[in-house]
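1. structure for this input, please:
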Amino acid sequence: MKETPNLEYIKELAGGAKSFEEKFIAIIKAEFPNEKEQYLQNLKDKKYRETSENVHKLKHKLNILGLQKGYRLAVRHEEDLRYEDTKLKDEFLDILNVIEAFIKTL
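-> Numbering: from 1, shown residues only. This next block holds a predicted model:
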């Protein structure tokens, strides 16, 4: 079963402060598309160190959006990329696409 992104962590962190929630969500909405694009470009260009750094940034958003399995996959993918191993790229991209679709609903 695939994980579904959610806002539970953000709501818990905000403690009922709607303005904090909204700002947090706005940051994710602003940063995520650029981070995904950089990841894809670096992967395409075979810049594995930079791609690993992109995954490092993105993995925190997975955790914030309640994707614990996705986060664990990102940790492995980040490490693999340091050795120029891209075997998890398709699974990771699937997760990014799920997040992108979720963000568009916010």
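
2. quick one: average confidence on the longest helix anywhere in the chain?
-> Criterion DSSP state H: the longest helix present in the chain is helix 18-44. Helix 18-44 shows a mean pLDDT of 97.

3. to the chain's geometric centre, what's the distance from that helix?
-> Put simply, helix 18-44 sits 8 Å off its chain's centre (C-alpha atoms, centre = their mean, to the nearest Å).

4. buried sites along it?
-> Buried residues in helix 18-44, counting neighbours by 16 or more other C-beta atoms under 10 Å, are found at Glu21, Phe24, Ile28, Phe32, Glu35, Lys36, Gln38, Tyr39, Asn42, Leu43. In this view, the C-beta of every residue, glycine as well, is placed from N, C-alpha and C.

5. show me what that helix is packed against.
-> The contact analysis (3 or more C-beta pairs under 8 Å, 6 or more residues apart in numbering; DSSP states H and E) places helix 18-44 against helix 8-14, helix 48-64, helix 89-104.

6. okay, those, which one's buried deepest?
-> The highest average neighbour count among the helices and strands packed on helix 18-44, using mean count of other C-beta atoms under 10 Å, belongs to helix 48-64 at a mean of 19.

7. OK, contacts around Gln38?
-> Gln38 sits next to Glu50, Asn54 when contact means C-beta atoms under 8 Å, 6 or more residues apart in numbering.

8. nice, that's everything, thank you.
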